[in-house]
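K.L.:
show me how the following folds:
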Amino acid sequence: MSQQYSPNRTGTGSSTASSVERQARDMANAAGEKISDTVEQAQALAQDQYDKLTANIRRNPLQAAGIAAGIGFVLALLARR
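P.N.:
I've put the predicted structure just below:
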C-alpha cells in the first residue's frame, strides 16, 4: 500500500523541516566564522607587509624614491599608447 498525504498526520514533515533548517543555520554560522577568521588573517598579513614596506622605505629613502620614479615613468609610457 502506498502512503498518501493525510492532513491528520502532523509533525513528521515539520520536524524534518526544522532539522534541515537547523543544520543549514549551523552550516551558515560555521561558514561565517571561517570567513571572519580568514578576513582577520588577511588583514594581519596586509598590516605586516605594510609595516615592512614602511620600514624599508625609511631605511632606504633614495632607493624608494628611485623605484617610485621608475614605476611612474613606465606607467606614463604605457598610458601614452
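K.L.:
and after the helix or strand containing residue 24, which helix or strand comes next?
P.N.:
Taking DSSP states H and E as the criterion, residue 24 maps to helix 12-59. Once the chain leaves helix 12-59, the next helix or strand it forms, by DSSP H and E, is helix 61-80.
K.L.:
got the CA coordinates for that following helix in CSV?
P.N.:
Extracted in CSV, the C-alpha atoms of helix 61-80 (Å, rounded to 0.1, in the frame of the first residue of the first chain):
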residue,chain,number,x,y,z
PRO,A,61,64.6,56.6,1.1
LEU,A,62,66.6,57.4,-2.0
GLN,A,63,66.2,53.9,-3.4
ALA,A,64,62.5,54.0,-2.7
ALA,A,65,62.2,57.4,-4.5
GLY,A,66,64.1,56.0,-7.4
ILE,A,67,61.9,52.9,-7.7
ALA,A,68,58.8,55.1,-7.5
ALA,A,69,60.1,57.4,-10.2
GLY,A,70,60.9,54.4,-12.4
ILE,A,71,57.4,52.9,-12.0
GLY,A,72,55.9,56.3,-12.7
PHE,A,73,57.9,56.7,-15.9
VAL,A,74,56.9,53.2,-17.1
LEU,A,75,53.2,53.9,-16.3
ALA,A,76,53.4,57.2,-18.2
LEU,A,77,54.9,55.5,-21.2
LEU,A,78,52.1,52.8,-21.1
ALA,A,79,49.4,55.5,-20.7
ARG,A,80,50.6,57.3,-23.8
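K.L.:
would you mind getting the angle between that helix and helix 12-59?
P.N.:
Between helix 61-80 and helix 12-59, the angle comes out at 120 degrees (axes from the mean of the first three to the mean of the last three CA atoms, to 10 degrees).
K.L.:
now do helix 61-80: everything it contacts.
P.N.:
By CB atoms under 8 Å, 6 or more residues apart in numbering, the residues outside helix 61-80 that reach it are 56, 57. Using the backbone N, CA and C atoms, a C-beta is placed for each residue, glycine as well.
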